[in-house]
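In: fold the following for me, if possible:
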Amino acid sequence: MKKRISKIKLQIKACEANPSPPIGPALGSKGINIMKFCTEFNDYTKNNLSLEKGIIVTTIINIYTDKSFDFIVKSAVTTNLIKNILNIDKGSSSPNKNKIAKISYSQILLIIEKKNDLFINSRNSAIKTIIGTAKSMGIEVEDFEYEK
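Out: As a prediction, the model looks like this:
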C-alpha cells in the first residue's frame, strides 16, 4: 500500500485544468507531473455528465511517496451553482442591504440535485443550507413551506 505524503485541496474549472496557478505551483512543488494531472482531470470532468464545462469544482489531490497521485472531484461549489442558475456574475457586496436577485424553490431543488456532497440528514436541511448560502450572497428567497 502506498503511503500518502500530501493532500491538496484546489478549486478547478471542470474540463479546463492547465499548468497555470493554482495547479502548477501546488503540484510542481510536490514533484508531480502537472500535465498528466491536467489531462486526467480534464478527461474525468469531460466524461462526467453532471459537470458543465467551466464550472468550478472542489478537487482533493492525494500525493504518494512514489510521486503518483489520485484525485477526488466533489460537486460544483454552491455559490457558483447559484450564480449560474440566476445568471449573475457575483453576489452583493452588502447582502443585508442590497438584494441582487430572487431564487425560487424549484431553483433551489435544481441546485440540491447537482450537489452530491452535501453532508445533511434531510431534504429540509439541504434546502436550508442552500438558502443560507443564497442569503449570504444578497439573494432574496421566495417564500415556501418546508416539508415535514
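In: run through the strands of this protein in chain order.
Out: Applying DSSP state E to the chain gives strands spanning 4-13, 56-64, 69-76, 101-103, 139-141.
In: any idea which of the ones you listed gets closest to Met35?
Out: Met35 lies closest to strand 69-76 among those, at 12.5 Å (C-beta to C-beta). All C-beta atoms are positioned from the backbone trio N, CA, C, and that covers glycine.
In: hmm, back to that, save the strands of the chain as TSV, and put in mean neighbour count, mean pLDDT and distance to Asn33 too.
Out: Listed next are the strands of the chain as TSV, based on neighbours: other C-beta atoms under 10 Å; pLDDT from 0 to 100; distance: least, C-beta to C-beta, whole Å:
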stretch	mean neighbour count	mean pLDDT	distance to Asn33
strand 4-13	15	95	14
strand 56-64	18	94	11
strand 69-76	16	92	9
strand 101-103	17	94	42
strand 139-141	17	93	41
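In: low-confidence ranges, this structure, go.
Out: 49, 144-148 (pLDDT under 70).
In: try 90 this time
Out: Residue ranges of the chain with pLDDT under 90: 1-2, 48-55, 74-77, 95-97, 112-128, 142-148.
In: quickly list the domain ranges of it.
Out: 4-76, 78-141 (automatic domain parsing).
In: nothing else from me, thank you.
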